[in-house]
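**Student:** coords please:
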Amino acid sequence: MLKPLGDRVILQVEKEQEKSIGGIVIAGATEEKPMTAKVVAVGNGYLLQDGTITHLTVNEGDTVIFDKFAGSEVKYDDNEYLVVHEKDIIAIVD
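**Tutor:** All right, here's what the predicted structure looks like:
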């Protein structure tokens, strides 16, 4: 399994459904709204100047909303993941 470093978080992105309005298909890629994903793994946290580590707010298993163009796509074991910094996560979905 992948283990992110520092303040990075590995997300498994939920696929967006294409919508049909009156027979016209609107592709999910054309929408510029935040997306949701499940947190697969989290890093150790932020390393502060005094050497202490501040742990991340998100945890494995959380469902989060993140900016559409955030992070880097990674393929591992035939699965696609998105690696983002915690600052790119907008909210945790309850």
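**Student:** Setting the sequence-adjacent residues aside, check what's closest to residue 93.
**Tutor:** Nearest non-adjacent residue to residue 93, counting by CB to CB, 6 or more residues apart in numbering: residue 63, 4.3 Å away. C-betas here are computed from N, CA, C, even on glycine.
**Student:** Please work out how many residues are found near that neighbour.
**Tutor:** Residue 63 is flanked by 15 other residues according to other CB atoms under 10 Å.
**Student:** Give me the pLDDT value at residue 38.
**Tutor:** Looking at residue 38, its pLDDT reads 96.
**Student:** which parts of stretch 62-74 are buried?
**Tutor:** 62, 64, 66, 70, 71 (16 or more other CB atoms under 10 Å).
**Student:** which stretches of this protein form strands?
**Tutor:** Assigned by DSSP state E, the strands in the chain fall at 8-13, 19-21, 24-26, 35-42, 46-47, 53-54, 63-66, 72-76, 79-85, 89-93.
**Student:** Among those, show me which one is buried the most.
**Tutor:** Of all these, strand 8-13 carries the top mean neighbour count, a mean of 21, counting by mean count of other CB atoms under 10 Å.
**Student:** Give me the helices and strands touching that one, please.
**Tutor:** Secondary-structure packing of strand 8-13 (3 or more CB pairs under 8 Å, 6 or more residues apart in numbering; DSSP states H and E): strand 35-42, strand 63-66, strand 79-85.
**Student:** Turn the ones you listed into CSV, including distance to residue 12.
**Tutor:** What follows is the helices and strands packed on strand 8-13, written out as CSV (distance: least, CB to CB, whole Å):
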stretch, distance to residue 12
strand 35-42, 5
strand 63-66, 10
strand 79-85, 6
